[in-house]
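Undergrad: Quick one: sequence and predicted model below, then my questions.
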Amino acid sequence: MFDAPGPRFRRRVFWVSAVSAVVLLGLLALGLRQFASNGQLDPVRWRPYLTWPVWRYLLGGLWSTVVAACATGVLAMAGGLLLALRPNRFTRAYAEVMRTVPVLLLVYVMLFVLPSFGVNLPLFWKLVVPLALSHAASCAVIFRAGVGSVDPGQREAGLALGMPDGVVTRFVVLPQAVRHMTPLLVTQAVSLLKDTSLGYVVSYAELLFNGRVLANYNGLLVQTFIVVALVYLVVNLALSRLAHRLEAARARTAR
């Protein structure tokens with residue numbers, strides 16, 4: 001779709017990247033110096049995070065995060081598949097609207113508006129349902145792109161053999177589309193996992209909520225949230241790495 005970048009453009013990208021890296025390293029060094037001057041890097045302030053009880057509490061929050069993310073992913077993919085396979089004015093409008101509405105607003109609706117009408121879900125579903133409604137729209141776009149990437153001749157061949165359109169979609173088109181969609185769905189999982197941090201709004205005991213409780217208990221605000229950020233970083237980098245591997249495997253298969 002695009003021409004390969006020329007030498008001048010590659011040099012420009014190199015220098016912009018180099019300058020950006022130097023600036024980021026400078027900001028990191030400045031931040032570490034500020035932390036050191038305020039005693040935030042003292043070993044005694046980090047020693048609690050070498051103990052198992054603290055990590056057991058944080059890992060419990062991580063497990064709750066993973067459970068919420070998995071439940072949201074299942075519902076979002078089911079809803080996205082339905083929206084993608086039933087293209088009409090309503091499903092397109094839903095996808096466009098939900099992709100623009102902030103997830104936090106949906107959480108507030110679930111938390112404050114619906115209970116006034118007698119709909120008061122458990123804390124887990126107050127987080128999962130808004131996330132699923134929002135991410136279903138993104139999954140629908142991914143599914144449409146995946147189905148559209150399949151050679152139209154595959155559908156035409158199935159129809160020519162007398163197979164119903166629904167059967168062709170389920171057994172011919174979707175299995176081939178999955179190869180194209182999987183890296184994008186894994187990338188979407190990264191965004192979904194980060195959005196579960198909104199669980200603190202509904203007091204769901206996910207990783208960020210447990211981190212805040214721990215910081216209030218031990219008074220180590222900076223250290224706690226740095227550790228929590230590192231946990232998020234490790235998990236999301238693992239998912240991103242998986243997406244890159246799947247994309248590379250798909251590219252090798254397509255050759």
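TA: Yep, that arrived.
Undergrad: Low-confidence regions, this protein specifically.
TA: 1-6, 250-255 (pLDDT under 70).
Undergrad: What are the structural domain limits within it?
TA: Using automatic domain parsing, the domains assigned to the chain come out as 1-38, 51-254.
Undergrad: hey, which of these is tucked in deepest?
TA: For the domains of the chain, average neighbour numbers computed from mean count of other Cβ atoms under 10 Å are highest in domain 51-254, which has a mean of 16. C-beta: built from backbone N, CA, C; applies to glycine.
Undergrad: Secondary structure element holding the residue nearest to the spatial centre of the chain?
TA: When Cα atoms, centre = their mean is applied to the chain, the residue found nearest the centroid is S191 (1.8 Å). Using DSSP states H and E, S191 maps to helix 174-195.
Undergrad: just V228 next, same as before
TA: Counting by DSSP H and E, the secondary-structure element that holds V228 is helix 221-254.
Undergrad: That helix to helix 174-195, inter-axis angle?
TA: Computed by axes from the mean of the first three to the mean of the last three Cα atoms, to 10 degrees, the angle separating helix 221-254 from helix 174-195 equals 170 degrees.
Undergrad: Distance from helix 221-254 to the middle of the chain?
TA: 10 Å (Cα atoms, centre = their mean, to the nearest Å).
Undergrad: I'd like the domains of the chain written out as a markdown table, with distance to V44 added.
TA: Shown next, in a markdown table, are the domains of the chain (distance: least, Cβ to Cβ, whole Å):
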| stretch | distance to V44 |
| --- | --- |
| domain 1-38 | 14 |
| domain 51-254 | 10 |
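Undergrad: And these: which comes nearest R45?
TA: Ranking the domains of the chain by their distance to R45 (criterion: Cβ to Cβ) puts domain 51-254 first, at 5.5 Å.
Undergrad: from the chain's centre, how far out does the closest one sit?
TA: 6 Å.
Undergrad: now V13: how far from H244?
TA: Remark: distance between V13 and H244 (Cβ to Cβ, to the nearest Å) = 19 Å.
Undergrad: could you check the angle helix 221-254 makes with the helix or strand R8 falls within?
TA: With elements delineated by DSSP H and E, R8 resides in helix 7-37, which encompasses its position. Angular relation of helix 7-37 and helix 221-254 on a 0 to 180 degree scale: 150 degrees, by the same axes, to 10 degrees.
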